[in-house]
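K.L.:
quick one, what's the 3D model for this:
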Amino acid sequence: MFDTASEVQAYLAAFTSKNLPIIVGEFGNMHSDGDPDEDTIMAETTRLGIGYYGWSWSGNGGGVEYLDGVSHFGPTAFTSWGTRIFGGADGIKSTAKTASIYGGPPPTPTVTPTSTTQPTASPTVNPPSGACTGVYSTASSWNGGFSGSVKVTAGSAAVKAWSVTMLLPSGTSITSVWNGALSGGNKVANASWNGSLAVGASTEFGFQGSGSASGVSVTSCSVS
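P.N.:
Model (predicted):
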């Protein structure tokens, strides 16, 4: 169960010493089958430049709800495990880096017709210089619901906080948001860890909605 520092270090060294690729995933701070040494896992992967991912965001059942990082998918309702892996030493907030692909212009999505997935992108909102832009994309859709994301990009000046206002057709609503905070039903502000953006830098929040994704778009992106 990788419950000791020596066990974690030896396993990772067996890969890195041979220049083999490895990523550490699906570990928690405890489990009914054993108690992983999450502090060493996070410290060693950070030291070695190895990616990691803890289990999990939310939705566990069957007695292992303690593995939820947030309660009831609430974007700011962190559990003790969520607080540890996101905000603690060697946590995601202090070690994660934005992929370089997000530093350039928004890619043109390729629409591939399927029964459930409908990748689309709304027009970019062009607010005043120094503000921000927001681009909406549908990730997937199903009967009665959908999931989507909005890429927020800073303009010609760095920003400390941002908010995006969404246009939602009649009968469509946002039911949950991650990497952002929902207010008023259609406005999403940055989370505590992704409000600060350098010039031209980007971040992204996602959400799940009920109703139809058709007609959903970004109407404004503002900074404060």
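
K.L.:
from here on, just use CA atoms for contacts and neighbour counts.
P.N.:
Will do.

K.L.:
where does the prediction get shaky in this protein?
P.N.:
Per-residue confidence for the chain (pLDDT under 70) gives these ranges: 1, 100-130.

K.L.:
what about the strands in it?
P.N.:
Per DSSP state E, the chain carries strands over the ranges 24-27, 52-54, 132-142, 145-154, 162-167, 173-178, 180-183, 187-190, 202-210, 217-223.

K.L.:
so for residue 35, which of those strands sits nearest?
P.N.:
Proximity of the strands of the chain to residue 35 was assessed by Cα to Cα; the nearest stretch is strand 24-27, lying at 9.7 Å.

K.L.:
and that closest one, how far out from the chain's middle?
P.N.:
Using Cα atoms, centre = their mean, to the nearest Å, the mean C-alpha position of strand 24-27 is found 17 Å from that of the whole chain.

K.L.:
one more: stretch 29-40?
P.N.:
Computed by Cα atoms, centre = their mean, the separation of stretch 29-40 from the middle of its chain amounts to 24 Å.

K.L.:
buried stuff in that stretch?
P.N.:
Judged by neighbour count using 16 or more other Cα atoms under 10 Å, the buried positions of stretch 29-40 are 29, 30, 36, 37, 38, 39, 40.

K.L.:
quick one: end-to-end length of it, please.
P.N.:
Using Cα to Cα, to the nearest Å, the gap from the first to the last residue of stretch 29-40 comes to 11 Å.

K.L.:
go on, stretch 162-182?
P.N.:
Per Cα to Cα, the first residue of stretch 162-182 is 12 Å away from its last.

K.L.:
swap in stretch 89-96?
P.N.:
Separation of the first and last residues of stretch 89-96 by Cα to Cα is 12 Å.

K.L.:
from the rest of the structure, what touches it?
P.N.:
Contact with stretch 89-96 is made by 42, 43, 46, 84, 85, 86, 87, 193, as judged by Cα atoms under 8 Å, 6 or more residues apart in numbering.

K.L.:
hey, where'd the helices end up in the protein?
P.N.:
Secondary structure of the chain (DSSP state H): helices at 5-16, 38-48, 80-87, 92-95.

K.L.:
can you tell me which of the ones you listed is packed in deepest?
P.N.:
Among the helices of the chain, ranked by average contacts under mean count of other Cα atoms under 10 Å, first place goes to helix 80-87 (a mean of 19).

K.L.:
helices and strands around that one, which ones?
P.N.:
Helix 80-87 is packed against helix 92-95, with contacts defined by 3 or more Cα pairs under 8 Å, 6 or more residues apart in numbering; DSSP states H and E.

K.L.:
can you rerun that using 10 Å?
P.N.:
With contacts defined as 3 or more Cα pairs under 10 Å, 6 or more residues apart in numbering; DSSP states H and E, helix 80-87 has these neighbours: helix 38-48, strand 52-54, helix 92-95.

K.L.:
could I get those as a markdown table with distance to residue 75?
P.N.:
Converted to a markdown table, the helices and strands packed on helix 80-87 look like this (distance: least, Cα to Cα, whole Å):
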| stretch | distance to residue 75 |
| --- | --- |
| helix 38-48 | 22 |
| strand 52-54 | 16 |
| helix 92-95 | 14 |
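
K.L.:
how about those, which one is nearest residue 178?
P.N.:
For the helices and strands packed on helix 80-87, proximity to residue 178 was assessed by Cα to Cα; helix 92-95 is nearest, at 14.4 Å.
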